[in-house]
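Asks: sharing a sequence plus its predicted fold:
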Amino acid sequence: MRRKYAVTQRSLTIVRRRLVEMPKPLEKLSEIEIEKKGHVSRVMTHVLKYLTSKFVDSEFEWLLPVIFSMSTDPLWPDPGASVEKRIEVEIYGKTVRTTLSMIIHKMVACSLAHPKLFILSPNVRIERRERSNSGKHAYEFTQLDFEVRNASSEEIRSFVEELVCGLISSLKKHMRTELVHLGRYDSLEVPDMPFRAYDKVELESKFGKDWETRLMHEISEPVWVTNVPREFYDFEDFEDGQWDNYDLFLPKYGEVLSGAKREWEYSKIVRKMERDDVKKKNYEVLLKLAKDRRLKPSAGAGVGIERLVSWIVGAKHIGETQPFPKIPGLVFDL
Ligand code: ASP
Ligand code: MG
């Protein structure tokens, strides 16, 4: 049978021999592999049910996602981003982009109409193909993005800690059979609260440039990383140079959530966009709202669902948690 992979057979063989085994498309799975897929999918179902119920019970409004917009996350400057291609298409005479994250929509919706909101949103990030064997990247994934008007970073972080701990204890109670089959029942433990927090600058001076990899192999429980210089929308104190943002890192799987308190002042946003070379014309609505003082302070975060579930089930590759794997550099039919 002819393969339709986007990389050459030779480079694929090299990748396979050296590193993570690539997930296969559904139609190529053996019976045992299909059984495993079922366990993972039931865990995924429980995770989605648990998380969405918690948000609804905490009076968040559940918004539907968008795919095409003129404004999306610039993903720049972001030390962790590695986008090989940005998708822009013309529809009805306008240039629109596929959603990289719904951060801009969250800020606008939270300011104008929905003070507590969450969205399960498909994010399309065409990662560099070398990332296929990281085991942690997919070129399409689902982000559970949420935002709260006037919230502080501390409030968001406590909410996340309770969410993660509640989720793990619920999984251990209701998904025992599946976790036992997947070999994760004993090793998956409810983390201690509060989670430890590290400053990114300190991590970099301790571990060097490769601090992310070093950190995720060093920890045995989820930890926070704070003060990460990145996109204009995260709050930066111009006086002391500190960023009021946070990432949640999982043992072996790395960053599973990123979030922040947001910028809302027009002059700061403009100054940061100019400094970072972000095109202001791609953010007209956000800038107009900020100028008219209709943008409100908020804080929030987004959870990578497939990465969260990869950690829970101990997946070798994130594609194992997707019914139709979207592996960088590998395009399957479905
Ligand atoms: N969801 C993130 C946030 O809330 C944005 C991102 O995807 O990096 O900050
Ligand atoms: Mg971000």
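Replies: Structure received. Ligands and ions are numbered 1, 2, ... in the order given.
Asks: show me which residues of the stretch 1-150 of the chain sit near ligand 1.
Replies: The interface of the stretch 1-150 of the chain toward ligand 1, taken as Cβ under 6 Å from any ligand atom, is made up of D73, S101, I103, Q143, D145. All C-beta spots, glycine's among them, are computed from the backbone N, C-alpha and C.
Asks: list just the nearest of those to M216.
Replies: Using Cβ to Cβ, Q143 is the member of those that lies nearest M216, at 19.3 Å.
Asks: show me what whichever helix or strand the closest one is part of packs onto, helices and strands only.
Replies: Q143 is located in strand 140-149, with elements delineated by DSSP states H and E. Packing partners of strand 140-149 (3 or more Cβ pairs under 8 Å, 6 or more residues apart in numbering; DSSP states H and E): helix 103-112, strand 116-124, strand 298-304, helix 305-313.
Asks: so what touches stretch 203-215?
Replies: G80, Y198, K200, V223, V225, F249, G254, E255 (Cβ atoms under 8 Å, 6 or more residues apart in numbering).
Asks: chain center to that stretch: distance?
Replies: Here stretch 203-215 is found 20 Å from its chain centre; the criterion is Cα atoms, centre = their mean, to the nearest Å.
Asks: CA-only coordinates of it in CSV, if you can.
Replies: Provided in CSV are the C-alpha atoms of stretch 203-215 (Å, rounded to 0.1, in the frame of the first residue of the first chain):
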residue,chain,number,x,y,z
LEU,A,203,15.4,28.4,36.1
GLU,A,204,17.3,29.7,33.1
SER,A,205,20.3,30.6,35.3
LYS,A,206,20.2,27.2,37.0
PHE,A,207,19.6,25.0,33.9
GLY,A,208,20.6,27.2,31.0
LYS,A,209,18.7,27.5,27.7
ASP,A,210,17.3,24.0,27.9
TRP,A,211,15.6,24.7,31.2
GLU,A,212,12.2,23.4,30.0
THR,A,213,13.4,19.9,29.2
ARG,A,214,15.5,19.8,32.3
LEU,A,215,12.6,20.9,34.5
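Asks: identify each buried residue in it, please.
Replies: L203, W211, E212, L215 (16 or more other Cβ atoms under 10 Å).
Asks: now, which of these sits nearest E31?
Replies: Closest to E31, out of all of these and judged by Cβ to Cβ, is E212, at 37.5 Å.
Asks: quick one, phi/psi of R97?
Replies: The phi and psi values for R97, taken as degrees, to the nearest 10, are phi -120, psi 150.
Asks: nearest spatial neighbour of it, skipping sequence neighbours?
Replies: Spatial nearest neighbour of R97, excluding adjacent residues (Cβ to Cβ, 6 or more residues apart in numbering): T72 at 4.8 Å.
Asks: so the one you found is in which element?
Replies: T72 belongs to no helix or strand, assigned by DSSP H and E.
Asks: which residues does it contact?
Replies: R97, T98, T99, L100, S101, M102, I104.
Asks: repeat for V256
Replies: P222, L248, F249, L250, V303, G304, R307, L308, W311.
Asks: what's the neighbour count on whichever residue of the stretch 201-334 of the chain sits closest to ligand 1?
Replies: As assessed by Cβ to the nearest ligand atom, ligand 1 sits closest to G302 within the stretch 201-334 of the chain, at 2.5 Å. By the measure other Cβ atoms under 10 Å, the count of residues near G302 is 24.
Asks: now do the same contact list for it.
Replies: Applying Cβ under 8 Å, 6+ apart, the residues contacting G302 are S101, M102, I103, Q143, L144, D145, F146, L257, S258, G259.
Asks: one more pass at 10 Å, please.
Replies: 73, 101-103, 106, 118-119, 121, 123, 142-147, 256-259 (Cβ atoms under 10 Å, 6 or more residues apart in numbering).
Asks: test my guess that F146 contacts F60.
Replies: Yes. Using Cβ atoms under 10 Å, F146 makes contact with F60 at a distance of 6.4 Å.
Asks: how about stretch 155-171, does it reach ligand 1?
Replies: No. Judged by Cβ under 6 Å from any ligand atom, stretch 155-171 stays clear of ligand 1, getting no closer than 9.4 Å.
Asks: if we go by neighbour counts, what in that stretch is buried?
Replies: Buried residues in stretch 155-171 (16+ other Cβ under 10 Å): I156, R157, F159, V160, E161, L163, V164, C165, L167, I168, S170, L171.
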